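Q: coords below, sequence missing:
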Ligand code: ITT
């Protein structure tokens, strides 16, 4: 069974392949290099559907798309859907997270609460559309730490930690992240829907 993952972010492909292999090794997740639609939705769900529909139409395969980001409580949920471009038009992960740390420079614990959100759309050609979501609670670090993962991982400290020493996701192993992340949580909700494929 093959599913196309409608993303141009290679980190998401790697993470999905690991997450899917742990639960549904019979499903092969393949990347997508077709046309990239304009993501002009105002919610994660709208953007995930835009991406999954385009890939399903282009490939004729069931398509998954993840739209995700970090939502910071004191910023009213921002960056949210603007996470990839928070510091400008270029997708510059270091600039994005430095800006976010700057914006929270006067905010002390316990007011640095944030969560990663992953919204996954599943679109079957000529058929069903489904959307699921996973949330991963934590808080923003005061400085970046670690080089694992991607995006905001070095500045995000999940509330639940796999070890006694508190670390940012940038300091977690990929196995630790893929067992706990917002993406893994969204996938748990997706598993029953994949049974019908
Ligand atoms: P596609 O649209 O092609 O899938 P993208 O990276 O642009 O790739 P999004 O539009 O969903 O994806 O933007 C999500 C951004 O949110 C991403 O670029 C990161 O900055 C951040 N983000 C999402 N998941 C993350 C994670 O697991 N770790 C760190 N940052 C993450």
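A: Good, I have the coordinates. Predicted model only: the values in this text are computed from it and were never measured. Numbering: from 1, shown residues only.

Q: could you pull up the residues touching whatever residue of the chain ends up closest to the ligand?
A: Here the residue of the chain nearest the ligand is residue 151; by CB to the nearest ligand atom that distance is 2.4 Å. For the C-beta atoms, the positions are set from N, CA and C on the backbone; glycine is no exception. In this structure, residue 151 makes contact with 11, 70, 83, 84, 93, 96, 97, judged by CB atoms under 8 Å, 6 or more residues apart in numbering.

Q: and the residues you listed, which of them are in strands?
A: Taking DSSP state E as the definition of strands, these contribute residue 70.

Q: quick one: which of the contacts of residue 151 is most hemmed in?
A: Compared across the contacts of residue 151, residue 70 has the highest neighbour count, 27 neighbours, by other CB atoms under 10 Å.

Q: not counting its neighbours along the chain, what's nearest that one?
A: By the measure of CB to CB, 6 or more residues apart in numbering, the closest residue to residue 70 outside its immediate chain neighbours is residue 152, 4.8 Å from it.

Q: isn't that neighbour right up against residue 95?
A: No. Between residue 152 and residue 95 no contact is recorded; they are 11.8 Å apart, counting by CB atoms under 8 Å.

Q: looking at the two, which has the bigger crowd around it?
A: Under the criterion of other CB under 10 Å, the comparison of residue 152 against residue 95 puts residue 152 first, with 26 against 14.

Q: how far away is that one from residue 79?
A: Computed as CB to CB, to the nearest Å, the residue 152 to residue 79 distance reads 9 Å.

Q: same question, residue 135
A: Using CB to CB, which is the criterion applied here, residue 135 is 15 Å from residue 79.

Q: what pLDDT does the model give residue 127?
A: According to the prediction, residue 127 has pLDDT 81.

Q: which stretches in this structure count as strands?
A: Along the chain, counting by DSSP E, strands occupy 2-5, 28-30, 63-72, 113-123, 129-140, 156-158.

Q: can you add distance to the ligand and give these back as CSV?
A: Conversion of the strands of the chain to CSV gives the following (distance: least, CB to the nearest ligand atom, whole Å):
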stretch, distance to the ligand
strand 2-5, 8
strand 28-30, 13
strand 63-72, 4
strand 113-123, 6
strand 129-140, 8
strand 156-158, 7
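
Q: okay if I get the ones you listed as a markdown table plus distance to residue 105?
A: As requested, the strands of the chain are exported to a markdown table (distance: least, CB to CB, whole Å):
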| stretch | distance to residue 105 |
| --- | --- |
| strand 2-5 | 36 |
| strand 28-30 | 39 |
| strand 63-72 | 13 |
| strand 113-123 | 15 |
| strand 129-140 | 11 |
| strand 156-158 | 16 |
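
Q: got the residues of this protein near the ligand?
A: Selection of the chain residues close to the ligand by CB under 6 Å from any ligand atom yields 7-9, 12, 66-70, 83-84, 93, 96, 116, 149-153, 181.
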